[in-house]
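Colleague: just the structure for this:
(chains A, B, C and D)
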Protein chains: 2
Amino acid sequence: MATVGRLPVYLRALADLTHARQSTVSSEQLAERAGVNAAMVRKDLSHLGSYGTRGAGYDVEFLLDQVGLALGLDQDCPVVIVGIGNLGRALANYAGFASRGSRVAALLDLRPEVVGQMVGGLVVRHLEDLDALVKTEGLAIGMIATPANAAQEVADRLVGAGVTSVLNFAPVVLNVPSHVGLRQIDLSVELHILSFYRRLAADAEGHLASSH
Amino acid sequence: MATVGRLPVYLRALADLTHARQSTVSSEQLAERAGVNAAMVRKDLSHLGSYGTRGAGYDVEFLLDQVGLALGLDQDCPVVIVGIGNLGRALANYAGFASRGSRVAALLDLRPEVVGQMVGGLVVRHLEDLDALVKTEGLAIGMIATPANAAQEVADRLVGAGVTSVLNFAPVVLNVPSHVGLRQIDLSVELHILSFYRRLAADAEGHLASSH
DNA sequence: GCATGTGAATAGATTCACAGCG
DNA sequence: CGCTGTGAATCTATTCACATGC
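Modeller: This next block holds a predicted model:
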């Protein structure tokens, strides 16, 4: 459901609002902050239940809790990062997502010169330790930050070890069983999309110019 | 158009195929590699023109060129990275996207201890130099890797300097004029989405168990 | 005969518009 | 009176199914 992709955005807007000591919010205001239509906010929120008050809007704090609950942020979500190169290090050090629910609990690599290093307050372990770490740490989410050619192998291992959510940064399409949640973050795809729209805009301008 | 988001994936599959010396490919095979339906591949490609041969499939090399052209990868795409923290450094060093079209041409920050540093073969310049660099380097794409509270300000500056494509990594919704292409990559949103599906699966299992 | 290209059918997401409640 | 919640309408995307052409 497309709603799920917007709930985190609402969540952040609501967190900002509590920070700003605003106790109530209208769908219009939330929409503004989330960059979407007000009707969409209402429809999205109505999927969670009827938490608004007609004439007044939504209670910020209550709604924050409800959205957090819907996203499962009440439970601890230990993350393992596989592939401790530039990206893996950046992710390990990225404090931003320590905030809510998820926290980095393990770092894995297989290069001897990397295993044993201290990164972001954790010692890098060998990929072979994955199974054991899933058991002891209860790892829930696997982030793949390896080169493209290793990504599928790593995904298979993660799934084999019992990890059911995977966030892949490697530029390949991964195959995972249907019970595994998979998201891709692909820099080159994003750049290519931007390139497309840039070219489109350039063409439009060209046509404009040629019509004079 | 949703097609645009898939063209880069086809592009990569086609690049792999040329690498593997395969000269022709069916929509079925491409679909397999791209993780989508075969009919979708055909419809997507038909938007570019009728480049297939009935009964035989598509010519890999020719199609690769056409998709690349559609994505505007024939033209040089200098990228500027603003915010040289952990993420900015990782992006600057990430060789992966130097491959096609886009290359990192400038790094900017405003912290005195960062400006002047050497990162990924480039000297970090001060944010104030943005306007000059856009002129001299022809910067086309701006990547925002700053903290959330600085991102809108940076976006405004980029747009003001004439950059018309923005890739934002900061966890905020940005406002840019409609002529500017904007993409967001938001780690915490992705994690929250995974968290949602994880919770969903857990609930489903719970119901399953309770029905015995 | 085999695989493309595409109209028609379906599914899904977004917006509109307004009834209904506080 | 203002703002939510939602059915209906619209728009977009995907899949199906087959005529078409090599």
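Colleague: do the helix or strand where A:Leu45 lies and DNA strand D meet?
Modeller: Secondary structure assignment for A:Leu45, by DSSP states H and E: helix A:38-46. Yes. With CB under 7 Å from any atom of the strand as the criterion, DNA strand D is reached by helix A:38-46 at A:38-39, A:42-43, A:45-46. The way it works is simple: take the backbone N, C-alpha and C, and place the C-beta from them, glycine included.
Colleague: who are the packing partners of that helix?
Modeller: helix A:2-19, helix A:27-34 (3 or more CB pairs under 8 Å, 6 or more residues apart in numbering or on different chains; DSSP states H and E).
Colleague: closest one to DNA strand C among those helices?
Modeller: Closest to DNA strand C of the helices and strands packed on helix A:38-46 is helix A:2-19 (CB to the nearest atom of the strand; 3.6 Å).
Colleague: what are the contacting residues of the closest one?
Modeller: For helix A:2-19, the surrounding residues in contact (CB atoms under 8 Å, 6 or more residues apart in numbering or on different chains) are A:25, A:30, A:33-36, A:40-41, A:43-45, A:47, A:60-61, A:63-64, A:67-68, A:70-71, A:73, A:100, B:171-173, B:186, B:188-189, B:192-193, B:196-197.
Colleague: alpha carbons of it, as PDB, please.
Modeller: The C-alpha coordinates for helix A:2-19 follow below in PDB (Å, rounded to 0.1, in the frame of the first residue of the first chain):
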ATOM      1  CA  ALA A   2       1.300   3.500  -1.000                       C
ATOM      2  CA  THR A   3       0.100   4.800   2.400                       C
ATOM      3  CA  VAL A   4       2.900   3.000   4.100                       C
ATOM      4  CA  GLY A   5       5.400   5.000   2.200                       C
ATOM      5  CA  ARG A   6       3.900   8.200   3.500                       C
ATOM      6  CA  LEU A   7       3.400   7.300   7.200                       C
ATOM      7  CA  PRO A   8       7.100   7.800   8.000                       C
ATOM      8  CA  VAL A   9       6.800  11.300   6.500                       C
ATOM      9  CA  TYR A  10       3.800  12.100   8.700                       C
ATOM     10  CA  LEU A  11       5.600  10.700  11.600                       C
ATOM     11  CA  ARG A  12       8.500  13.100  11.200                       C
ATOM     12  CA  ALA A  13       6.200  16.000  10.700                       C
ATOM     13  CA  LEU A  14       4.300  15.100  13.900                       C
ATOM     14  CA  ALA A  15       7.600  14.800  15.800                       C
ATOM     15  CA  ASP A  16       8.500  18.300  14.600                       C
ATOM     16  CA  LEU A  17       5.200  19.600  15.800                       C
ATOM     17  CA  THR A  18       5.400  18.100  19.300                       C
ATOM     18  CA  HIS A  19       8.900  19.700  19.400                       C
END
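Colleague: give me the buried positions along that helix.
Modeller: For helix A:2-19, a neighbour-count test (16 or more other CB atoms under 10 Å in any protein chain shown) marks A:3-4, A:6-15, A:17 as buried.
Colleague: just the mean pLDDT for the longest strand anywhere in chain A, thanks.
Modeller: Assignment by DSSP state E gives strand A:102-109 as the longest strand of chain A. Taken as a whole, strand A:102-109 has an average pLDDT of 95.
Colleague: so how far is that strand off the chain centroid?
Modeller: 15 Å (CA atoms, centre = their mean, to the nearest Å).
Colleague: run through the bridge partners of the closest residue to DNA strand D within chain A.
Modeller: Nearest to DNA strand D in chain A, going by CB to the nearest atom of the strand, is A:Gly52, at a distance of 2.8 Å. Beta bridges link A:Gly52 to A:Tyr58 when assigned by DSSP bridges.
Colleague: gap between it and A:Asp44?
Modeller: For A:Gly52, the distance to A:Asp44 (CB to CB, to the nearest Å) stands at 12 Å.
Colleague: buried set for the one helix or strand in chain A whose mean pLDDT sits lowest?
Modeller: When each helix and strand of chain A is scored by mean pLDDT, DSSP states H and E, helix A:187-210 comes last, with a mean of 90. For helix A:187-210, a neighbour-count test (16+ other CB under 10 Å) marks A:187-199, A:201 as buried.
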